[in-house]
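Student: This is a predicted model, with the sequence first.
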Amino acid sequence: MNGFSHILDKQSALRIAFELEDRSIKEKNFNSNVKHLVKAVAKSNYSSCKSLKEKEKVNALVKDFKAYYFSSERPDIFSHKLMKKVIKHGPVDELNISDTTIIAESIANRFECAALINRSDKWLTHFFIALIGPAQFDEQREFGKELPKEKMEALLIQQQALFDDLIKTDAADFHDKTLVLQLIRAIEDLNLNAPSFLEAPKEKTFNCLLYRFECFILQFIEFKEEARKVLISTLNIFYETADLYHSEEV
């Protein structure tokens, strides 16, 4: 990201995508909102759709999309050709697509936008890649390179399941930079030779989160330091991108 204005552009484009899905954009604001979304994607280094930079083509697409969006038949708006263009991006391997899905779905849950999560075409994941770039957990894999392959795969799968569960149950807001930083520091300080908790904390508190993360690490008792590093690296991704996902108006 280059500067705060780019964060605001991308933040606003994400918000507009969610508003398109729940059809909350009013007709008088439609053109300006959709053009903002298109412009944000067109400026991204990750978008591979050159026609989004051609003003006349974009104007024609937006006009057609508007008629499609407000049609009484209420068609699937994300199947429109404009919505297919804004998710075009360069090659991304399957691992990074899975990595991006973790982050993209956590955002959708924050905005209570389950419909985009459940799309079989992974529209939100590909929009996120075209707009912001793929989430890359390559650093996590580097930390886990000493693990047997099956252990590393199990670690990443179980870590994804853990974050999915915590996000969906509103146990934590992983776009709260203060909370994430506190968790990172607490996990760094954990003594992995002795459990910190005799039993699970009963409330959804900071200690409950720390307990869940400690239990995750101790599942990989022979590789607990590697598991700790992988977990911290994942939390760092949430910390570094947190400013993108707040829902204030831009």
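Tutor: Yes, it's here.

Student: Please count neighbours and contacts with C-alpha atoms only from this point.
Tutor: Will do.

Student: Could I get the full set of helices for the chain?
Tutor: Per DSSP state H, the chain carries helices over the ranges 4-21, 27-42, 55-69, 81-85, 94-110, 114-117, 123-131, 138-143, 149-168, 177-189, 206-218, 224-241.

Student: list the buried ones in the fourth one?
Tutor: Counting neighbours by 16 or more other C-alpha atoms under 10 Å, one finds that the buried residues in helix 81-85 are Leu82, Met83, Lys85.

Student: Likewise for the third one?
Tutor: Applying a neighbour-count criterion of 16+ other C-alpha under 10 Å, the buried positions in helix 55-69 are Val58, Leu61, Val62, Phe65, Lys66, Tyr68, Tyr69.

Student: quick one: which of those is nearest to Asn31?
Tutor: Nearest to Asn31 among those is Val62, at 6.8 Å by C-alpha to C-alpha.

Student: still on that earlier bit, from the helices of the chain, which stretch is densest packed?
Tutor: Sort the helices of the chain by mean neighbour count, taking mean count of other C-alpha atoms under 10 Å, and helix 123-131 sits at the top with a mean of 25.

Student: Contacts for that one, please.
Tutor: 10, 40-41, 44, 46-48, 78, 86-89, 97, 100-101, 104-105, 116-117, 134-135 (C-alpha atoms under 8 Å, 6 or more residues apart in numbering).

Student: pLDDT-wise, which helix or strand of this protein ranks last?
Tutor: Across the helices and strands of the chain, mean pLDDT, DSSP states H and E gives its lowest value to helix 138-143, namely a mean of 64.

Student: Dump the buried residues of helix 55-69 to CSV, plus distance to Asn207 and pLDDT.
Tutor: Shown next, in CSV, are the buried residues of helix 55-69 (distance: C-alpha to C-alpha, whole Å; pLDDT from 0 to 100):
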residue, distance to Asn207, pLDDT
Val58, 50, 97
Leu61, 51, 97
Val62, 49, 98
Phe65, 48, 97
Lys66, 48, 97
Tyr68, 49, 96
Tyr69, 46, 96
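
Student: any idea which of the helices of the chain scores lowest on pLDDT?
Tutor: Here the lowest mean pLDDT among the helices of the chain goes to helix 138-143, at a mean of 64.

Student: okay, now the domains of the protein?
Tutor: 4-135, 138-242 (automatic domain parsing).

Student: Dump the buried residues of helix 81-85 to TSV, plus distance to Glu73.
Tutor: Converted to TSV, these look like this (distance: C-alpha to C-alpha, whole Å):
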residue	distance to Glu73
Leu82	18
Met83	18
Lys85	22
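
Student: Asp165: which of these is nearest?
Tutor: Met83 (29.6 Å).

Student: What sits closest to the closest one if chain neighbours are left out?
Tutor: Ile77 (7.5 Å; C-alpha to C-alpha, 6 or more residues apart in numbering).

Student: how much space is there between the one you found and Arg110?
Tutor: 21 Å (C-alpha to C-alpha, to the nearest Å).

Student: Give me the spatial nearest neighbour of Tyr46, chain neighbours excluded.
Tutor: Nearest to Tyr46 is Ala130, by C-alpha to C-alpha, 6+ apart, at 5.0 Å.
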